[in-house]
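In: Requesting a structural model of the entry that follows:
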Amino acid sequence: MIKPKITTGIVNKDIKIQYYRYIHEVTTEDGRNLIMTHKVPVDKKPLGPIMFVHGLGQNRYTWTQTKRSMENYFVSHGFETFNIELRGHGLSRANGSDYPKTYETYLNYDMPAFFDAIREATGGQKIFYIGHSLGGTIAYCLGSQFQEYLAGIVSIGGPFIMAKGNTLVQTIAKTGVFIDRSIPWIRKLYPRTFYIDFIGLITKPGLSFLDSSSYKIPLQVWYPETIERDILIERIERGFDRTGFNVIGLLFQWGATGKFYSSDRTQNFENNIMDLHIPLLFVVGDRDYAVPLTAVQEGFDKAGSTDKTLKVFGDESSGIHFGHIDLITGQEAPKITWPYMLDWINSRISEKN
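Out: Okay, here's the model as predicted:
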């Protein structure tokens with residue numbers, strides 16, 4: 001752990017805070033050295049730890065950007081935060097960790113190491129887990145295994161049934177799986193790495209079209225005109241990262257079959273959520289084409305917890321809508337989604353105490 005220093009960060013616009021910032025190196029059981037960023041309020045005793053888990057091919061910039069930071073928002077309200085980066089992502093990749101061989105690599109090695117490291121850093125306090133997109137899906141798979149460590153889980157746009165509710169994405173997934181099965185030799189052409197950051201670079205020049213109300217193809221991961229252009233560009237440039245191609249392949253399998261199983265098909269992850277009995281909050285955007293309500297609803301229905309909430313943000317009456325990443329980064333997020341999640345967590349702390 002590097003010696004901490006007092007850092008000034010932005011919450012939103014001109015709202016600034018100070019915190020102690022640590023960088024932890026976390027070693028997994030298979031010998032990979034991953035990185036997590038740890039922030040502690042300067043002027044108050046922390047209320048408790050929050051673990052932030054990014055999504056597919058993303059990194060720490062999911063939660064913190066130079067002009068808007070949901071992570072810093074929670075620090076400003078007294079929480080100790082841990083912004084983790086899975087192997088092959090962000091600072092963990094810069095520290096030499098390779099891309100995951102399979103999706104289960106995250107479950108079997110990365111997440112247990114991060115849980116242990118956070119518990120050690122906080123003296124064994126229970127952790128609130130906030131995951132976005134695939135970060136939420138990861139919680140469905142292993143939350144029951146670690147729920148004795150957890151105070152609650154917030155899944156933001158975390159798909160339970162991949163691509164359900166988006167016919168175009170389902171068609172793309174089915175086509176990819178059909179080609180994979182029909183032309184076995186094509187697998188020799190697959191790269192080891194899936195470059196989501198390159199996709200971001202290709203996308204950036206077309207933002208004047210992609211980020212307009214005239215764009216109707218349900219593939220973008222934000223609802224048009226909900227994120228200021230400079231913040232959106234930073235989110236694409238810094239937050240779009242890379243992952244292993246095999247992880248993408250499994251997501252295609254999930255989307256094509258409507259099933260939620262492990263890479264070798266020996267484990268049905270749909271069963272895992274039934275064993276979750278800690279507080280659960282499922283957050284969905286009303287215009288999230290990447291992960292619509294139908295992709296989350298079954299997870300909510302099957303979750304074993306008696307304390308579970310499904311919250312859809314955005315409605316016709318207000319004219320305010322939310323997509324996928326704008327639930328965290330959008331212009332309205334600091335006024336609408338962040339406070340709701342903060343209140344949900346605070347109420348669970350009050351009940352616990």
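In: When you work out contacts or count neighbours from here on, use the C-alpha atoms and nothing else.
Out: Noted.
In: and the helix or strand containing residue 6, what other elements does it pack with?
Out: Mapping residue 6 onto the secondary structure by DSSP states H and E places it in strand 5-12. For strand 5-12, the packing partners by 3 or more C-alpha pairs under 8 Å, 6 or more residues apart in numbering; DSSP states H and E come out as strand 15-27, helix 70-76.
In: hmm, 6 Å instead?
Out: strand 15-27 (3 or more C-alpha pairs under 6 Å, 6 or more residues apart in numbering; DSSP states H and E).
In: Run the angle between the strand it packs on and strand 5-12 for me.
Out: Strand 15-27 runs at 120 degrees relative to strand 5-12, counting by axes from the mean of the first three to the mean of the last three C-alpha atoms, to 10 degrees.
In: Give the buried residues for strand 15-27.
Out: By neighbour count with 16 or more other C-alpha atoms under 10 Å, strand 15-27 contains the buried residues 17-27.
In: Which other helices and strands does that strand contact?
Out: Under the contact criterion of 3+ C-alpha pairs under 6 Å, 6+ apart, the helices and strands touching strand 15-27 comprise strand 5-12, strand 33-41.
In: Using PDB, write out the CA atom coordinates for the strand holding residue 6.
Out: Backbone C-alpha positions of strand 5-12 (Å, rounded to 0.1, in the frame of the first residue of the first chain) are rendered in PDB as follows:
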ATOM      1  CA  LYS A   5      -2.100  11.700   0.800                       C
ATOM      2  CA  ILE A   6      -4.900  14.200   1.100                       C
ATOM      3  CA  THR A   7      -6.500  14.600  -2.300                       C
ATOM      4  CA  THR A   8      -9.100  17.100  -3.500                       C
ATOM      5  CA  GLY A   9     -11.700  15.700  -5.800                       C
ATOM      6  CA  ILE A  10     -14.900  16.800  -7.600                       C
ATOM      7  CA  VAL A  11     -18.300  15.500  -6.700                       C
ATOM      8  CA  ASN A  12     -20.200  17.400  -9.300                       C
END
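In: Contacts only, for the closest residue in space to residue 89 that isn't next to it in sequence.
Out: Distance criterion C-alpha to C-alpha, 6 or more residues apart in numbering; nearest residue to residue 89, sequence neighbours excluded, is residue 59 at 5.8 Å. Remark: with contacts taken as C-alpha atoms under 6 Å, 6 or more residues apart in numbering, residue 59 is in contact with 85, 89-90, 239.
In: Which single one of the residues you listed is nearest to residue 107?
Out: The nearest member of these to residue 107, counting by C-alpha to C-alpha, is residue 85 at 13.4 Å.
In: that older thread, of the contacts of residue 59 - the most surrounded one?
Out: With neighbours set by other C-alpha atoms under 10 Å, the maximum within the contacts of residue 59 is found at residue 89, which has 29 neighbours.
In: and that one, how far is that from residue 200?
Out: Taking C-alpha to C-alpha, to the nearest Å as the criterion, residue 89 is separated from residue 200 by 15 Å.
In: same question, residue 231
Out: Residue 231 sits 14 Å away from residue 200, taking C-alpha to C-alpha as the criterion.
In: likewise residue 17?
Out: Between residue 17 and residue 200 the distance is 30 Å, computed by C-alpha to C-alpha.
In: Residue 270 now?
Out: 31 Å.
In: got the CA positions of whichever strand or helix holds residue 173 in PDB?
Out: Using DSSP H and E, residue 173 sits within helix 167-182. Extracted C-alpha coordinates of helix 167-182, given in PDB (Å, rounded to 0.1, in the frame of the first residue of the first chain):
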ATOM      1  CA  THR A 167     -34.400  -8.100 -30.100                       C
ATOM      2  CA  LEU A 168     -31.500  -6.600 -32.000                       C
ATOM      3  CA  VAL A 169     -28.900  -7.600 -29.400                       C
ATOM      4  CA  GLN A 170     -30.500 -11.100 -29.200                       C
ATOM      5  CA  THR A 171     -30.200 -11.400 -33.000                       C
ATOM      6  CA  ILE A 172     -26.600 -10.300 -33.000                       C
ATOM      7  CA  ALA A 173     -25.800 -12.800 -30.200                       C
ATOM      8  CA  LYS A 174     -27.600 -15.700 -32.000                       C
ATOM      9  CA  THR A 175     -25.900 -14.900 -35.300                       C
ATOM     10  CA  GLY A 176     -22.500 -14.900 -33.600                       C
ATOM     11  CA  VAL A 177     -23.100 -18.200 -31.800                       C
ATOM     12  CA  PHE A 178     -24.400 -19.700 -35.100                       C
ATOM     13  CA  ILE A 179     -21.300 -18.700 -37.000                       C
ATOM     14  CA  ASP A 180     -19.100 -20.000 -34.100                       C
ATOM     15  CA  ARG A 181     -20.900 -23.400 -34.200                       C
ATOM     16  CA  SER A 182     -21.100 -23.700 -38.000                       C
END
